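>>> fold the following, please.
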Amino acid sequence: MGSIDFKKLITIVPIGLAFIGSMYAAFNVFAEMSNELNGATIDIARINSQVNSIDDKFSTEIKNLNQNYTMGREEFVLSFSELRTELLQLREKANALSNALSRTASEAEFRALEQSYYKLSDSINQFKYDIKEVERVLNGGY
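Below you'll find the model as predicted:
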């Protein structure tokens, strides 16, 4: 029986050593994985912090950009409204000048026609006098 115990012992010892070696390897793998996981967690936290910082920066920039866009749009609308008002005023002035020039031209034409009428009237009167003189001369007068 003593030899069976020795055979059992020879069989059990390598199995026990293999089990202990496997447990040690598993513990080392677990420790390395835990260290890797901790390192990855730290890296993820650092990257998350950087992303949040970038997000805050871009959120601020987008907010500023939106404010600038709104101000620019308001200034554009005001400038456009002022330009439209000025154009309407210029159109009114141009129409007033056109009407004034047209009235001035009409008045000048009227004066020219009036002068032509008076000249024509004077010419007709002179013609009447000339006819009377011709009649007098033909009638043996003067």
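>>> pLDDT of whichever strand or helix holds V51, averaged?
Assigned by DSSP states H and E, V51 belongs to helix 2-138. Averaged across helix 2-138, pLDDT comes to 86.
>>> counting contacts, what elements does it pack onto?
Using 3 or more C-beta pairs under 8 Å, 6 or more residues apart in numbering; DSSP states H and E as the contact test, no helix or strand touches helix 2-138. C-beta: built from backbone N, CA, C; applies to glycine.
>>> tell me how far the most centrally placed residue in the chain lies from F80.
The residue lying closest to the centre of the chain (C-alpha atoms, centre = their mean) is R73, at 6.7 Å. Per C-beta to C-beta, to the nearest Å, R73 is found 10 Å from F80.
>>> report how many residues lie close to R46.
R46 is flanked by 10 other residues according to other C-beta atoms under 10 Å.
>>> compute the distance between it and V13, please.
Noted for R46: a distance of 49 Å to V13, by C-beta to C-beta.
>>> same check, this time on I54
From I54 to V13 the distance is 60 Å (C-beta to C-beta).
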